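sequence-free structure coming up:
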C-alpha cells in the first residue's frame, strides 16, 4: 500500500519506482543532508573555526565547490539560450532537467556562501552599499538575480505536476509564464554570462597574486572571458552527463540519442575554442604577465607534488583537448560510453581549473620568506559540501519523480513498449 | 545603492552598474507581472479549457498526434498540427472536398473493432466521446464503447450543469473510478441543456450557431481509428496484460477497468481520454 | 625639515624598520595586540589561524637569526585590498595614507585577504574571548573585536584619533605626530614611524639601503625596511624583482 | 460580505507591497547590522578618562621604568618610560586575570576561609613537629628581607631555591682560594661562551642584553632563541657540556700564562689531569660536533678578552651539573674574568635581625615541620623531589601562590597571593651585575579580597605587629637619601658593590679527582634525549601566546621542538598533540619542527615543567628518562 501512496502525483504514462524503493534511495541522502545541516549549524552558531580554513587559505573547499557547481550549472543558462534563442528545438527534451540542475547548483552555491561568510546577517550590505569596482559585487548581484530567474523558470516545471495542473489557474499561469520564457532565457544568459565572468575576474584581478593575475580586456581580466567560455563549453557536457546518469540509475530511456549528439557536438566545439584561448592566455601569462610582476612563472611550479606542472598539463591537454576531440569526431561521439566519458573529462577539466584558481592560488606563497602551505578540509566542511550534494540529489530526485523533467520519456516508453 | 545611502558615488561605474541591475530587476519583475496579469485575464475570460488543451496537445507523442488521414492510410505518416481541430485544416478540406460531403459520409449501421462496438450513426471525437444529432436538432453527447468499458459499472462521469458552455477539445466531463480522475474532452461547441434521457448519452447539448462536424471522425474512419486506439492501448498495457492480444482474436473485456490494476487503469484512462 | 603650508595639509604616514636592530623579541606583537584589543589566542589557534595585526617572521638566512616584522603595508599606489571589498569596508584615507578596515561593515567574505600579498590581514575565526575579568583591561580608545570579520593593522588608529583630538584642543593644525604601539614598544628602537611628507624621514626611506617587500607588484607599500646584512636582504628579496617596463 | 481566496491573496499582496515601502523592513535590516556587532557575549570596552602613572615593572630584576595607562583604577596599558620593555612587560597587567590564577584559599580540594588557613598554620607552628621554614622562590626582593626578619622572630629558617642564574659566579667563588666574584657584567665583555644559558632570553636582568657588543658562542643541544641570535651555535649533545668545557681548557693548557692562573684554583692538579685527558677530538666525539669548532671557540675567548664563560643552566630546565659549573668556573679563572667586588649589603633598620639565608639543598633532610612556600610572580622552578626530601613526617606545607598550577598537587594549603600591581611592586636582585637593589612601590590596583602576600602571612605567623607597608617604609628610611623616588611612596635604591658577599653555593672541588671530572663528561645515553627549557615570563599573560601559538616567533609552554627528520621518524606531523611521558607523570605537548640536533627533543615549558624532572645527586635536574610519544 505504501508503494502506491503517491501515485496520484506521478505523471501518466511514465513509470516510477515504488514509493518504498524511492524512500530507500532518498534515505541516505536525507541522512547526509541532516549531517550537513548540523555542520552548518555549528559554523553559524560558533564561527568559522570549525573549518580548517585559515588566514592563508581564506577560501577552501566551499569556494571551490561554489565555483565548480556554478560552472557546471551553466548548462542551465546555455541550454536555455540554445533552445529559446538559437532555436535548437531538440534540446527541449532536456531543458527542464537543465533548469533543475541550474537551480540546484545556484541555490546550493548561495547557501554555502551564506555559511562561508563570517557575518551572514550582513549579506545585504553588498546590495545596499555596493562597491561596484569589486568583482565580488558583480558576482553577488548576478548570482542573486540569476537565482531568482531560475526560480521563475522552475515554476512552470513545478506547476506541471499532475495534481497541481488539475487546478486551472496554475495551469494558466504556467502557460503564460512559459510563453515569456524567452525573456528569462535572455536575461538568464546575460546574468549568467556576467556572473561566470566575474567569478573568473574574482581571481584575475588579484594584482597581489601573480599566480592568478591576468592582463585585462576593457575592465575585465582575461579570466573573465575564459570562465564564461569554459562554463559554456562544459554546461552541455554536464547536462548530457547528468541525463546519462539519470538513465543509468533509473534504467529508463529519457531522451533520444540526437539530443546527446547535439549536446556533445556543441560542447566539443566550444571546448576546442576554450582550449585554444586558454593556451593563448597561459602563454601570455608565462611570458609576460607573471615576469612583469617579478614572478617568473616556473617558480609557481617549483614545489612539485600536488602543484607541479602536471596540473597545467592535465587541465589543458588531458581534460580539455582530449574530450574536445572525442566530442568533435562524430564516430566517437556516437558511442554513448565515449561521449559520456568525454563529457565527464570536460567536467573534470573545468573542476580542475577552478581548483587551480582557488586552492593553488592561495597555497603558493607570495612573500620570499614564506612557504607553500597545504590544507585539508575539516569534517564540517565536507559535511556542508555533502549537504549541497544531498540537497541537489533530493531536489533532482523529487523533481524527476513528480515533475516532467524529460518530456520525451513518455514517448520513448511507448516506443519501447511497441518494440 | 541609492544616492542617499553611504557608499554611493556619482560616477559612470556606479550609474552603469546600478542601471543594469535595476533594468534587469524591472524586466524580471515586469515579465512575471505580465504573465500574472495575462493569467488573470485568461481565467476571467474562462479560457482555461483552451489553455489546457493547448498544453496537453503539446505533450502528446507523435503517435498520439497522428493525423486521422494517416490512420486511415489516406496519407503517409503525418502528425496533426492543429490540435485535432480539423475545421480549418486545408489538408482535411482537400481530402473531403466539402463539409457537405463530410456530413453525408456518416451513415447508419453497426461496425465493431475487436469486440468494441462502433455504431456508425454518430460522430466520434478522438477523446472517445461521440455526438449524435437528435430529431429535435439538439445534440446528444456520450462516451463510446471503449470509454464505457474502461469506466465499467463502477465508474462515474461528472457532467456539467445545464447552461454550461462546451467548446471543442476543452475538458467537459470528469470520469472517476478507483480514485483515478480523468478529464474527458468535449467533442462539440454548444450549451448543455441537461442530462440526456436515453441511457446511452451523457448530456443533451444545444449546438452553437456555427456548429460543424468537420473535426469529428465518422464511418470507416472511426473504425480504423478505433483499431488504432485499441492497438495503442494494448501496446501500452502489454507489459502487464500478458500474452493474449487482440491480433490473435482476443476481444476487449466488457468491464475493462476491473481487469486492470489501478496503475494500468490510470495509464489507460490517460491514453484513451487524451488526458496526459 | 617639514615644510608647513597649505600644500602640506595631509600626511603620508610610513614606517622604517631596521632589520639589523630587530632581535625578534616580539614586544611589538604583544604591545600591538594589547593596544588594539586583540584577544589572546584561543586554545586551538595556530600560526595559520591566529589574530596578529603585526607578525614577526623568523628569516632563515643560514647564519644568525634575523627577524622581519610584517604588518599592513598601507599600500598606496594600487591598494590591492580596497578595490576588491564588495561593500566598502576597506577605505583609503587620503589625509593620512592609511588603509582603514571598518569591521562594522565587514561581511567576512575574506576576498581582501586573498588579495593581500603580504598576508597582513587576519580573520576572526572565533568569537573574541578574554579570560574572565580581563575585558576590564581593554583599551578604551579602541572598539572590541568581533567574530567573522577581517582585521588588520591601521597604524594604531586610536592613537591617531587621540593625537588629533589633543591637537585640536591645543589649537594646532596640520598633520599630527604620534607613535603607534609597536614603534613605542620596540626595545631596540628598530621601528620608526614617520610622515613621508617630512623631507628628512622621506630621505631616509629613499636611502639606498632601504627597500620594500614585493615592490615589483607595484602596490606602493609604505612600510620600508633597512638592513646592512647581505644575507638578510637576500632573504627578503622577491622572487625575481624584475623592474617594470 | 463573503471573503473568498482572492480577497485574502490581494490583502496579502497589498500588505507585502505596503510593507516594502514602509520603513519597517529597512529598519529591521539596519537592526540586524547593529545586532551583529553587539552580541551579548562581546565584551564592552571600559569608558572613562585615561590617566597615566609612573611605576616600575618588577617582574624581573631589570625593574624597568614603565608608564601605566589606567581607567577607573584598572590598568589597561603598559608602556616603557624612557627605556625598554620585554614582551611580557606589555601584557604584565593581565596577570591579575590569568586563567590559572588562584582565586580562593583552598585546603586540598576544598575552599576554606583565609583566616582558617592562617590559624591552622599558627597551630602547626606552635606544635613544632619540626622547624618552620620559608621557601622563597624569588629571593632577593625586599619581601625576602621581611621573610628573613619574620623567620628570625620565629626561630625558623629562610630557604632559597637552588641557584640557577648566577650558578657559574658562585662556582668561581668556591673554586678560588680567595673569595672573589665573577665579572658577569655583560656590558664590558667582548666574548662569551655560554653553555645552555638563556643569555639573550630573559636571563638575569635582560635589559642589559638588548644591545650587546660581545661575540656570543652558544653551546646548547637545541637552537634556542639565544642560540639563534648567537654568532655561533655549537649544537652539543646533552650531558657533554663538561667535556666541552674541559676541552676548551685543554686548548689553553699549553699557553705559558695559564700556569700562573691555574695555581689559584683549588684542586688544580685534578682539573689539569682531566683537561689533559680531554683533547678537543675526544670532546668533539662526545659532544657530536667538529673538533675545529671547539678549538676556534677556545681561541675566540682568548682573542677577545675580557671574555667570559657562563654555564648557569636554564631557569626551567634546571642548573647544569655541578662539574659543568665548576669546569666553567675554572675557565673563567684561567681567563681572569673574576675580580669584581662582591655584592654590598642592603641598608637595614637598626633593630632588624634577619635569619640566615640558606640554600634549600643545605637544609637538613626531614627537618622541616611547617613549610611556607612563597611563590610570587615570577617564581623559579623547583622539582618537588627537592622539597619533599626536606620535610619531616606529617609536615604541613602551605603555598602562598598566585597560580593553581604548580603546587596545587603537593601543598596542603593553597593561599592566594596578590599579583603584580595588586601587591607592592618589589623587584628582585639581579644576578648579572654586582649591585644590590631594592625597588619597592605601593600597589597600583586594588587587590582581590582574601589575598595575602607571603610576607604578610609570615608576619602573621611570627606575630609581627607592623604591616608590610610599614616594614617597607622602614626599609625606605634606612636607605635614606640614597634612594630614588618611584611614584608616590615607592623608592629605588641600588648600590655598586662594596662589603661582604652572600653565602656561596656548595661546590667542593678540592676532593675531586680527575676521574670525577671525566665521569661527568659523558653525554646522555638516551636517544633521542629529552631536554627541558623555558622562559620564566611565559605565563605572565595569555596574550604572550601570540609569540608561540599564533606565530612561530619562539617556543612556548607545552611545546616540544624536534628536528624535521626526527619528527618524520617518530611518525608525527607538525602541530599535533603528543605526550611527554616522564616517571613523574604525563604532560601534553604540541610538537613543532625546528632547527635542532636530530637526536634531541627539546621541551619548552613554564615553571611547572620542573615537576616532570628528576633531581640528580649533583643537584642538576633533567628530563633524562622522559619520552615524547604520539598521543
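Nice, thanks for sending it over. Predicted model, so just to flag it, every value in this text is computed and none were measured.

for whichever residue of the stretch 1-150 of chain B sits closest to chain C, what are its contacts?
Using Cβ to the nearest Cβ, the closest approach of the stretch 1-150 of chain B to chain C is made by residue B:7 at 4.6 Å. C-betas here are computed from N, CA, C, even on glycine. The neighbourhood of residue B:7, defined by Cβ atoms under 8 Å, 6 or more residues apart in numbering or on different chains, consists of A:128-131, C:87-88.

which stretches of the stretch 151-276 of chain B have low pLDDT?
Applying pLDDT under 70 to the stretch 151-276 of chain B flags residues B:238-250.

which parts of it sit against chain A?
When proximity is defined as Cβ under 8 Å from any Cβ of the partner chain, the stretch 151-276 of chain B approaches chain A at B:179, B:181, B:232, B:235-236, B:238-239, B:262-263, B:266-267, B:269-271, B:275-276.

ok, so of those residues, who is nearest chain A?
Distance to chain A across these (Cβ to the nearest Cβ) is lowest for residue B:270, with 3.5 Å.

what's the helix or strand containing the closest one packed up against?
Secondary structure here is read from DSSP states H and E; on that basis residue B:270 sits in helix B:262-273. In terms of contacts (3 or more Cβ pairs under 8 Å, 6 or more residues apart in numbering or on different chains; DSSP states H and E), helix B:262-273 is packed against helix B:145-151, strand B:171-177, strand B:180-185, helix B:219-241, helix B:256-259.

run the last query once more with 6 Å
Using 3 or more Cβ pairs under 6 Å, 6 or more residues apart in numbering or on different chains; DSSP states H and E as the contact definition, the elements that helix B:262-273 packs against are strand B:180-185, helix B:219-241.

point out the most buried one among those.
Neighbour counts (mean count of other Cβ atoms under 10 Å in any protein chain shown) averaged over each of the helices and strands packed on helix B:262-273 peak at strand B:180-185, with a mean of 23.

which one is the residue of the stretch 51-200 of chain B found nearest chain D nearest to, not counting chain neighbours?
Using Cβ to the nearest Cβ, residue B:51 is the residue of the stretch 51-200 of chain B that sits closest to chain D, at 19.1 Å. The spatially closest residue to residue B:51, leaving aside those adjacent along the chain, is residue A:175, at 4.7 Å (Cβ to Cβ, 6 or more residues apart in numbering or on different chains).

check residue B:156 too.
Once chain neighbours are set aside, the closest to residue B:156 by Cβ to Cβ, 6+ apart is residue B:176, at 5.2 Å.

quick one: that neighbour and residue B:159 touch, right?
No - at 12.0 Å, residue B:176 does not count as touching residue B:159 under the criterion of Cβ atoms under 6 Å.

any idea how many residues pack against residue A:390?
Other residues near residue A:390 come to 23 when the count uses other Cβ atoms under 10 Å in any protein chain shown.

contacts for stretch C:180-188?
For stretch C:180-188, the surrounding residues in contact (Cβ atoms under 6 Å, 6 or more residues apart in numbering or on different chains) are C:21, C:23, C:27-28, C:31-32, C:35, C:54, C:155-156, C:191, C:193, D:79, D:84, D:90, D:210.

quick one, strands of the chain?
I'll assume chain A. Taking DSSP state E as the criterion, chain A carries its strands at A:216-217, A:220-221.

ah, I was thinking of chain C
Secondary structure of chain C (DSSP E): strands at C:13-18, C:55-59, C:66-70, C:90-93, C:98-101, C:122-123, C:150-151, C:191-195, C:210-211, C:223-226.

now swap in the stretch 51-200 of chain B and tell me
B:110-113, B:116-119, B:123-125, B:129-133, B:139-143, B:156-158, B:165-166, B:171-177, B:180-185, B:190-195 (DSSP state E, counting those that start in this stretch).

and the angle for the fifth one with strand B:180-185?
This means strand B:139-143. Here strand B:139-143 runs at an angle of 150 degrees relative to strand B:180-185 (axes from the mean of the first three to the mean of the last three Cα atoms, to 10 degrees).

pLDDT on strand B:139-143, on average?
Averaged across strand B:139-143, pLDDT comes to 91.

enumerate the residues of the stretch 1-150 of chain D near chain C.
Where the stretch 1-150 of chain D comes near chain C, counting by Cβ under 6 Å from any Cβ of the partner chain, the residues are D:37, D:42-43, D:45-46, D:71, D:74, D:76, D:79, D:84, D:87, D:90-91, D:93-94, D:97, D:99.

need the buried ones from these selected in PyMOL.
Listed next is the PyMOL selection for buried residues among these, using 16 or more other Cβ atoms under 10 Å in any protein chain shown:
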select buried, chain D and resi 37+42+43+45+46+71+74+76+79+84+87+90+91+93+94+97
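
just the ones of the residues of the stretch 1-150 of chain D next to chain C in helices?
The subset of these located in helices under the criterion DSSP state H comprises D:37, D:87, D:90.

return the item of the residues you listed having minimum pLDDT.
The lowest pLDDT within these belongs to residue D:37, which sits at 78.

and the nearest residue in space to that residue that is not next to it in sequence, what's its pLDDT?
The shortest distance from residue D:37 to any residue other than its chain neighbours is 5.5 Å, reached at residue C:104 (Cβ to Cβ, 6+ apart). Here, the pLDDT recorded for residue C:104 equals 88.

what do you get for the one 10 residues further on?
Per-residue confidence for residue C:114 comes out at a pLDDT of 95.

shouldn't it be in contact with residue A:57?
No - counting by Cβ under 6 Å, residue A:57 is not a contact partner of residue C:114; they are 9.4 Å apart.

residue A:141: how many residues sit nearby?
For residue A:141, the number of neighbouring residues by other Cβ under 10 Å comes to 25.

list the contacts for it?
Applying Cβ under 6 Å, 6+ apart, we find residue A:141 in contact with residue B:21.

go again with 10 Å.
For residue A:141, the contacting residues are A:126-127, A:130, A:132, A:191, A:194-195, A:198, B:17-18, B:20-21, B:24-25, C:86, taking Cβ atoms under 10 Å, 6 or more residues apart in numbering or on different chains as the criterion.

contacts with chain D among these, please.
Restricting the contacts of residue A:141 to those adjacent to chain D (criterion: Cβ under 10 Å from any Cβ of the partner chain) gives residue A:127.

nearest to residue A:31, of the contacts of residue A:141?
Taking Cβ to Cβ as the measure, residue A:31 sits nearest to residue A:195 out of the contacts of residue A:141, at 32.4 Å.
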